[in-house]
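Enquirer: Compute the structure for the input listed below.
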Amino acid sequence: MIKNNKKVRFRFAPSPTGGLHIGTARTALFNWLAARSLDGDFVLRIEDTDLKRSSKEYEKSIINDLKWLGLDWNEFYRQSERLELYRSEAKRLLEKGKAYMCFCSTERLKALKDKLVLEGKPLGYDNKCRNLSKDEIQENLKENKEYVIRYKIDPGEIVFNDLIRGEIKFSSNVISDFVLIKSDGTPSYNFAVVVDDNDMKITHILRGEDHITNTARQILLFKSFGYFIPQFAHLPMILGKDGSKLSKRHGSTSISEFREDGYLAEAIANYLSLLSWAPRDGQEVFFIQDILKKFKINEISRNPAIFDLAKLNWLNGMHIRKKTDDELFGLLKPFLANSSFLEEKDLINQYTEKKVLKCINAFKDSLKTLKDFNGLVEEFFSDNVKEYTPEALDILKIQSSKIVIEKFKLKLINIECLKGNLTNSFEKNDIDELEAKNLINELVAELKDEKIAGKNLYMPIRAALTGKTHGPELPKIISILGIEGCKKRLEQTVKIVGY
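Expert: Take a look at the predicted model:
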């Protein structure tokens, strides 16, 4: 347990220059878990000071994805609305002699960079403007020269205790004087986050390991201001199964795209929480609210996490099966409305809804994503079998299959006659799963004397109704198709096989 006299406050600070991807989503989730597990606050801060690359569309997308994942926050900020605070704090560092104005042109800085690259030396600023006299500064200002404000790096060692990695040390010699305020008046990343983390009373900073060098710079700034220094923890990278940097070819994509591809929020959150962390009891399938008492920052692995799409698909299937059929119907509506066999208006039709619910019941256990559903059920929204497999045709050509098909059709006609007094066409055509089971059992009894049983009885019916030899339980198929649907497919089969 992390102990601190202050109320713990974690923050997630995305830049709206792109959507919420796997890595940033995991960072958000781990910060949320850490904050909520310690009864602390979770702050959302949009770091949008990169005016050219930031967009409101990405900001909206990030916020929507966080809400979809079930991550709520106590406070919300935008850096673009806090520019005066950054300028004011930069002025304080100038007055303390901890920063200085740099008037170097873009051309000079480019030439310096090219020279260092050519000489094979570390990139950095050469401190040309660090010791300008007051007169030189005033002269440059009179000439309206553009300038940035740079931080003065003093010799020394930077040491901090990472909650995941232990003690980390840096020599300030490897860090050159860096920019605090750019020439357009906007703050640099390292400067803005330090000012914000102090102003927002952030106690813990949990982020990716690519920020470790930034942490060294930020600790220098915390000390120069006399700010409280938060505790730091750096998450390991997420790699593809081949050990390389995660990319689209490994299945990495934005959270909104996962959503569009039919993944459940519960499954994505579940999977993200298992990237570099796991409950001690080995539990793998859970809702994030269920692990709040189990989550601890110091139990996060320092080893890279491996993104495994197959594992995500398995987890998604497990969470799909936790849903009721009615819940899945609601989740599937957007996918069905965009299908080639249904329109949005069809989904408010009583018959269609019941048929979809029957399909859900039949195929729920086969789904990896919601998007899979359309491909599995499309054939049941047609009067005809789309295609007969060679195996199905071989079964149907057996002489005993003809007897089974004829008996089965008679049974359907009998049920249809019994429903003849019903005025509702939907009810007349409907056959529930129990009725279908009873129908099959009656067939079993009637064909016993003719020694037609087992697969010789079930397979011809399945092949005639679906054109396949594998699929959901036969009573479920019969119920989905209804009396009329079954009869039409039997007629089609008779014509094709030539009984």
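
Enquirer: quick one: Arg321 and Phe363 touch, right?
Expert: No - at 11.1 Å, Arg321 and Phe363 do not qualify as touching, with contact defined as C-beta atoms under 8 Å. For every residue, glycine as well, the C-beta is placed using N, CA and C.

Enquirer: Who has more neighbours out of the two?
Expert: It is Phe363, of Arg321 and Phe363, that has more neighbours when counted by other C-beta atoms under 10 Å, with 20 against 12.

Enquirer: State the distance from that one to Ile268.
Expert: As for Phe363, its distance to Ile268 is 22 Å (criterion: C-beta to C-beta, to the nearest Å).

Enquirer: One more: Lys294?
Expert: The gap separating Lys294 from Ile268 is 19 Å, by C-beta to C-beta.

Enquirer: Comparing those two, which residue is more hemmed in?
Expert: Comparing Lys294 with Ile268 by other C-beta under 10 Å, the one with more neighbours is Ile268, at 25 against 17.

Enquirer: check contacts around the more buried one.
Expert: By C-beta atoms under 8 Å, 6 or more residues apart in numbering, the contact list for Ile268 reads Ala25, Leu69, Ile255, Phe258, Arg259, Leu312, Asn316.

Enquirer: host element of it?
Expert: Element membership for Ile268 (DSSP states H and E) is helix 265-273.

Enquirer: what do you get for His234?
Expert: Using DSSP H and E, His234 maps to strand 231-235.

Enquirer: list the buried ones in stretch 352-362?
Expert: For stretch 352-362, burial by neighbour count (16 or more other C-beta atoms under 10 Å) applies to Thr352, Lys354, Lys355, Val356, Leu357, Lys358, Cys359, Ile360, Asn361, Ala362.

Enquirer: Using PDB, write down the CA coordinates of that stretch.
Expert: Taking C-alpha atoms only, stretch 352-362 is exported to PDB below (Å, rounded to 0.1, in the frame of the first residue of the first chain):
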ATOM      1  CA  THR A 352     -37.600 -10.000 -36.500                       C
ATOM      2  CA  GLU A 353     -36.700  -9.200 -32.900                       C
ATOM      3  CA  LYS A 354     -37.800 -12.700 -31.800                       C
ATOM      4  CA  LYS A 355     -35.800 -14.300 -34.600                       C
ATOM      5  CA  VAL A 356     -32.700 -12.300 -33.800                       C
ATOM      6  CA  LEU A 357     -33.100 -13.300 -30.100                       C
ATOM      7  CA  LYS A 358     -33.300 -17.000 -31.200                       C
ATOM      8  CA  CYS A 359     -30.200 -16.500 -33.300                       C
ATOM      9  CA  ILE A 360     -28.400 -15.000 -30.300                       C
ATOM     10  CA  ASN A 361     -29.300 -17.900 -28.100                       C
ATOM     11  CA  ALA A 362     -28.000 -20.300 -30.800                       C
END
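
Enquirer: from the middle of its chain, how far away would that stretch be?
Expert: Chain-centre distance of stretch 352-362: 27 Å, with C-alpha atoms, centre = their mean, to the nearest Å.

Enquirer: helices or strands up against the strand holding His234?
Expert: Other helices and strands packing on strand 231-235, by 3 or more C-beta pairs under 8 Å, 6 or more residues apart in numbering; DSSP states H and E, are helix 22-37, strand 157-162, strand 204-208, helix 212-225.
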